[in-house]
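Chemist: coordinates only, no sequence provided:
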């Protein structure tokens, strides 16, 4: 039952309150003491019920309440099938006669046990139950006590309910207020049907025995073992095993709650199980159609119910579940691919995915789908999971619940889907972390997607694949743009490489491919040659980003550092000549030291930028060129491989000429800035400027010593001399022309023509800066 069955206080005396009241009445009136075996009506002066079955009307209020609690507990024990406990309970409470009156339903057997007058006993129980029910219905109010949600009616109602169960009288039971729930009514109907079937079997068996005895002239082997069903008119009529018709009586019950609960869909499901497979099939198909058509979460409770119901049916009756029909109106493709079970699980998983608090259950229900549906469904779910803790939980569940290796394919779908997402339709989702400063939210989501492949080492090669894929997308977004505008907008890929990706990404990926155990290998492993190409690709892009950073820093430094400043030399003719010469010398040294400090700043930034850009152009094997061609046919001919090849070619065609021009710009601006140093010195110190400049240049020449003679070679060998940088710019021509670097292949005719013009200008500038007469005669 739904409430705890608490028996009344144990006592050996029946109705102590009533007995005490009767004794007091007799003593006060001077009559003889009341005899316990005397009729109750004779003990009361007032007019009480004349019905022999309405004992409760003579009881004291406390005794009636105790009896009601006792009968209620016994009824619940009967409903639970614990008949022996019920009889023991009334015996312990001083009412053994009740226990005796409830034990007459045992059929008589050959060994003499059972009730030889079972039919008469049932008939009497049925008659007493009906009369008690009439009285109980006339006063159906409860005593005011509640035990949980179960009311306490008069003891007469509960005793009538027990007798109706014992006599298979379902009509009387359904009119009894003690049967106040649908479950109570179902129990009464099923018990009645079972009892009637039992009586029919005993009656048929008895008729066959009588017929056999009459034909053989014999008699029953044991006197009194014959069974008679009694008068047919007074016997309850069953539905001959048709539980559907039997349970229809609940719809006509006078108890309002039973009628209302009979229309509940959940109880209809219970009814369909009782009736049979035909009713169950109709119920499941109807409920499934309603759940699949529902568009809001208000029906989530019912969706959960019908999904779990069909899962249970599929477990115990798989062949029956396969016969369930799909709802009408579905397209032919859906009907050919999905079963009703799959559609319901998909709908329920979609509901779980829409509630963040239910995410821990998504993997479990997804695992009940077919492998293809698991891949698509869980991939779509993981795309919406952004928190690190939730990602670890979801991935661990996938590895525990899904077929081995399926988690790799799922993560490949997830990360690729997030990397290649549509930026225009981006919308931030619940629980998604904020983006770093300067990073667009959609770019931040794409960066974090690679973390899916960084939780387990065996996913390392795939992490490298997807990291390169995202880096290519970042670079491709700048292909075709104005170099001056796009070159300053590579912040996102730099943050991705420096702050988002693990530092050991390359090491883990290479180690997993080279030392991979066949038993622990992931499905569709990446070959070592392909990993080498991916490593070269990643390092190529990383080197370009580092070079771009140095290039931007150089531009910032040269823009903020002026090459010119005014000398603080004083012109005072009143000073002696030797004092003036000393003052001039000191000022020249101070001026040169100032210029040296400025030159060191620019030369340092220029060296860093030019070295990193040169490393890009002279990258081993060629920048963004695959270093290993020993790939399988699948790795060459797959759609992803072809797309990668096209993307690499587009990036090379755009960024290699751009890197060459960036390096040329660094070299040219450095030379021009240093020329301004020379011109500023020549303008302020005239004749003394030549020695000042050569001394300045000598301080930047690594082979120069302070006691060496100053030569004109410093105009080319010193890093502070403009000629050094023009000469370095001219060497770009050989770098571009080197077939090993593959740079000239990326230039179109217009770009190559422009590059050659720049080289010609540097040749002219180099000649100008290395001609001492022209250089110092400014």
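Modeler: Great, that's in hand. All values derive from a computational prediction rather than experimental measurement.
Chemist: end to end, how far does stretch 632-645 reach?
Modeler: Stretch 632-645 has an end-to-end distance of 15 Å (criterion: Cα to Cα, to the nearest Å).
Chemist: what's the closest non-adjacent residue to residue 465?
Modeler: The spatial neighbour of residue 465 that comes closest, neighbours along the chain excluded (Cβ to Cβ, 6 or more residues apart in numbering), is residue 534 at 6.2 Å. Every C-beta, even on glycine, is put in place using the N, C-alpha and C of the backbone.
Chemist: my guess is that neighbour contacts residue 513. True?
Modeler: No. Taking contacts as Cβ atoms under 8 Å, residue 534 lies outside contact range of residue 513: 9.5 Å.
Chemist: list the contacts of residue 306.
Modeler: By Cβ atoms under 8 Å, 6 or more residues apart in numbering, the contact list for residue 306 reads 284, 287-288, 291, 344.
Chemist: how does it look with 6 Å?
Modeler: Residues counted as contacts of residue 306 (Cβ atoms under 6 Å, 6 or more residues apart in numbering) are 287-288, 291.
Chemist: rebuild these as CSV, extending it with distance to residue 375.
Modeler: Shown next, in CSV, are those (distance: Cβ to Cβ, whole Å):
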residue, distance to residue 375
287, 28
288, 24
291, 24
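Chemist: I'd say the residue nearest to residue 465 and residue 466 touch.
Modeler: No. At 10.3 Å, residue 534 does not count as touching residue 466 under the criterion of Cβ atoms under 6 Å.
Chemist: using the three-state scheme, assign residue 112.
Modeler: coil (DSSP: H, G, I helix; E, B strand; the rest coil).
Chemist: what about the stretch 151-300 of the chain, any weak spots by pLDDT?
Modeler: Within the stretch 151-300 of the chain, the ranges that satisfy pLDDT under 70 run 217-235, 297-298.
Chemist: circling back to that earlier point, just the ones of the contacts of residue 306 in strands?
Modeler: Judged by DSSP state E, the subset of those located in strands is empty.
Chemist: excluding residues flanking it in the chain, which one is nearest residue 62?
Modeler: That would be residue 17: by Cβ to Cβ, 6+ apart, it lies 4.5 Å from residue 62.
Chemist: which residues does that neighbour contact?
Modeler: For residue 17, counting by Cβ under 6 Å, 6+ apart, the contacting residues are 60, 62-63.
Chemist: format those residues as TSV; extra columns: neighbour count, secondary structure and pLDDT.
Modeler: Shown next, in TSV, are the contacts of residue 17 (neighbours: other Cβ atoms under 10 Å; DSSP: H, G, I helix; E, B strand; the rest coil; pLDDT from 0 to 100):
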residue	neighbour count	secondary structure	pLDDT
60	16	coil	78
62	13	helix	81
63	20	helix	81
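Chemist: closest to residue 434 out of these?
Modeler: Distance to residue 434 across the contacts of residue 17 (Cβ to Cβ) is lowest for residue 62, with 70.3 Å.
Chemist: sorry, back to before: redo the contacts of residue 306 as CSV? Include distance to residue 539 and neighbour count.
Modeler: Supplementary listing: the contacts of residue 306 in CSV, determined by distance: Cβ to Cβ, whole Å; neighbours: other Cβ atoms under 10 Å:
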residue, distance to residue 539, neighbour count
287, 59, 23
288, 55, 24
291, 54, 22
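Chemist: if we go by neighbour counts, what in stretch 152-161 is buried?
Modeler: 152-161 (16 or more other Cβ atoms under 10 Å).
Chemist: now, the most widely separated pair of those residues?
Modeler: Farthest apart among these - using Cβ to Cβ - are 152 and 160, which lie 14.9 Å from each other.
Chemist: count of neighbours near the residue nearest to residue 300 when sequence neighbours are not counted?
Modeler: Closest residue in space to residue 300, ignoring its immediate chain neighbours: residue 351 at 5.4 Å, by Cβ to Cβ, 6+ apart. For residue 351, the neighbour count with other Cβ atoms under 10 Å is 20.
Chemist: for the buried residues of stretch 152-161, give me CSV that also has distance to residue 745 and secondary structure.
Modeler: Supplementary listing: the buried residues of stretch 152-161 in CSV, determined by distance: Cβ to Cβ, whole Å; DSSP: H, G, I helix; E, B strand; the rest coil:
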residue, distance to residue 745, secondary structure
152, 96, coil
153, 98, coil
154, 103, coil
155, 104, helix
156, 105, helix
157, 100, helix
158, 99, helix
159, 103, helix
160, 102, helix
161, 97, helix
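Chemist: of all these, which comes closest to residue 455?
Modeler: Closest to residue 455, out of all of these and judged by Cβ to Cβ, is residue 152, at 60.0 Å.
Chemist: distance of the residue nearest to residue 62 from residue 89?
Modeler: Residue 17 is 19 Å from residue 89, where distance means Cβ to Cβ, to the nearest Å.
Chemist: need the pLDDT of the residue nearest to residue 300.
Modeler: pLDDT recorded at residue 351 is 93.
Chemist: may I see the buried residues of the helix or strand it falls within?
Modeler: Element membership of residue 351 [criterion: DSSP states H and E] is helix 340-353. Using 16+ other Cβ under 10 Å as the burial criterion, the residues of helix 340-353 that qualify are 340-349, 351-353.
Chemist: distance to residue 757 added to those, as JSON lines?
Modeler: Formatted as JSON lines, those follow (distance: Cβ to Cβ, whole Å):
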{"residue": "340", "distance to residue 757": "74"}
{"residue": "341", "distance to residue 757": "73"}
{"residue": "342", "distance to residue 757": "67"}
{"residue": "343", "distance to residue 757": "68"}
{"residue": "344", "distance to residue 757": "71"}
{"residue": "345", "distance to residue 757": "68"}
{"residue": "346", "distance to residue 757": "64"}
{"residue": "347", "distance to residue 757": "67"}
{"residue": "348", "distance to residue 757": "69"}
{"residue": "349", "distance to residue 757": "64"}
{"residue": "351", "distance to residue 757": "67"}
{"residue": "352", "distance to residue 757": "65"}
{"residue": "353", "distance to residue 757": "60"}
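Chemist: among the residues you listed, which two are most distant?
Modeler: 340 and 353 (20.4 Å).
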